[in-house]
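>>> Sequence plus the predicted model coming up.
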Amino acid sequence: MDPTRTSLIERVGLSENPAWEEFYAIYWAPIIRYARKLGLQESEAHDVLQETMVALMGILPKFKYDRRKGRFRNFLLTIVHRKCLAVHRRVKRKGEVPIDVPVGESRLAPIDRLVEQADASEPDESAWQEALMLVAMKRLEADPRIKSESLAAFRAYVIEGQAASAVAQAFGIKQNALYQIRNRLIKKLQDEVAVLMRQSQLED
């Protein structure tokens, strides 16, 4: 997919369905991942996505993009971040506890700390970058040109940090072959992240 261009934002602002679908395709996964990185549950993250898109549908028709005032990514991330906080506060007010949190154990969520901080409205840039990394990994996993065995070995060695000797033995390959898989997929992962970064920065 080509990097997002200023013209895409302008076309989305005109409510053209194909443009909106392209916009949604670019941003839905990073938004979900960002919300999850902040500690929201899956259903809450989808609430953030829905509320962000509803807000943008109201904003973009009259939105005038001016690069001198900053990147569109910063504008979008601020909206997403504030929606995360709003959803979290709403859940807390209802006293809801995620079903995957053991009884007696507190909810381990960075967002709990964010809402207590004076700068809670500031987006978490590192969480956004991590979200892009996770989305990039998902793209690799969906690439039919990459063997599932290679991806599994890469995940075990690079993502999970298992010893090279143990991974090579488990997958029945030589360590040199494992290193080649690592180098090849790291390059592909970096390329995917670069594409996502260009898209989210709205480069011309």
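Received it, and whenever you're ready, just let me know what you need.

>>> Let's test this: mean pLDDT of whatever helix or strand V80 lives in, rounded?
For V80, the host element (DSSP states H and E) is helix 72-94. Averaged across helix 72-94, pLDDT comes to 84.

>>> Please put the alpha-carbon coordinates of it into PDB.
The C-alpha trace of helix 72-94 is given here as PDB (Å, rounded to 0.1, in the frame of the first residue of the first chain):
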ATOM      1  CA  PHE A  72      -1.500  14.400  11.000                       C
ATOM      2  CA  ARG A  73      -0.200  11.400  13.100                       C
ATOM      3  CA  ASN A  74       0.100  13.700  16.100                       C
ATOM      4  CA  PHE A  75      -3.400  14.900  15.600                       C
ATOM      5  CA  LEU A  76      -4.800  11.400  15.300                       C
ATOM      6  CA  LEU A  77      -2.800  10.000  18.200                       C
ATOM      7  CA  THR A  78      -4.000  12.700  20.500                       C
ATOM      8  CA  ILE A  79      -7.600  11.800  19.600                       C
ATOM      9  CA  VAL A  80      -6.900   8.000  20.100                       C
ATOM     10  CA  HIS A  81      -5.100   8.700  23.400                       C
ATOM     11  CA  ARG A  82      -8.000  10.700  24.800                       C
ATOM     12  CA  LYS A  83     -10.500   8.100  23.700                       C
ATOM     13  CA  CYS A  84      -8.500   5.500  25.500                       C
ATOM     14  CA  LEU A  85      -8.600   7.600  28.700                       C
ATOM     15  CA  ALA A  86     -12.400   8.200  28.300                       C
ATOM     16  CA  VAL A  87     -13.200   4.500  27.800                       C
ATOM     17  CA  HIS A  88     -11.000   3.600  30.800                       C
ATOM     18  CA  ARG A  89     -12.700   6.100  33.000                       C
ATOM     19  CA  ARG A  90     -16.100   4.900  31.900                       C
ATOM     20  CA  VAL A  91     -15.300   1.300  32.700                       C
ATOM     21  CA  LYS A  92     -13.900   2.300  36.100                       C
ATOM     22  CA  ARG A  93     -17.100   4.300  36.900                       C
ATOM     23  CA  LYS A  94     -19.100   1.200  36.100                       C
END
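
>>> And that helix, what does it pack against?
Contacts defined by 3 or more C-beta pairs under 8 Å, 6 or more residues apart in numbering; DSSP states H and E place helix 72-94 against helix 17-37, helix 42-59, helix 110-114, helix 175-201. No exception for glycine: its C-beta is placed from N, CA and C like everyone else's.

>>> For the second one, give me every contacting residue.
Residues outside helix 42-59 that contact it (C-beta atoms under 8 Å, 6 or more residues apart in numbering) are 12, 15, 24, 28, 31-33, 35-36, 40, 76, 79-80, 83-84, 86-88, 91.

>>> any idea how far Q162 lies from A153?
10 Å (C-beta to C-beta, to the nearest Å).

>>> which one of these two has more residues nearby?
Counting neighbours by other C-beta atoms under 10 Å for Q162 and for A153 shows that A153 has the greater number, 24 against 15.

>>> What confidence value was assigned to that one?
Among the per-residue scores, A153 shows a pLDDT of 94.

>>> Cheers, nothing more for now.
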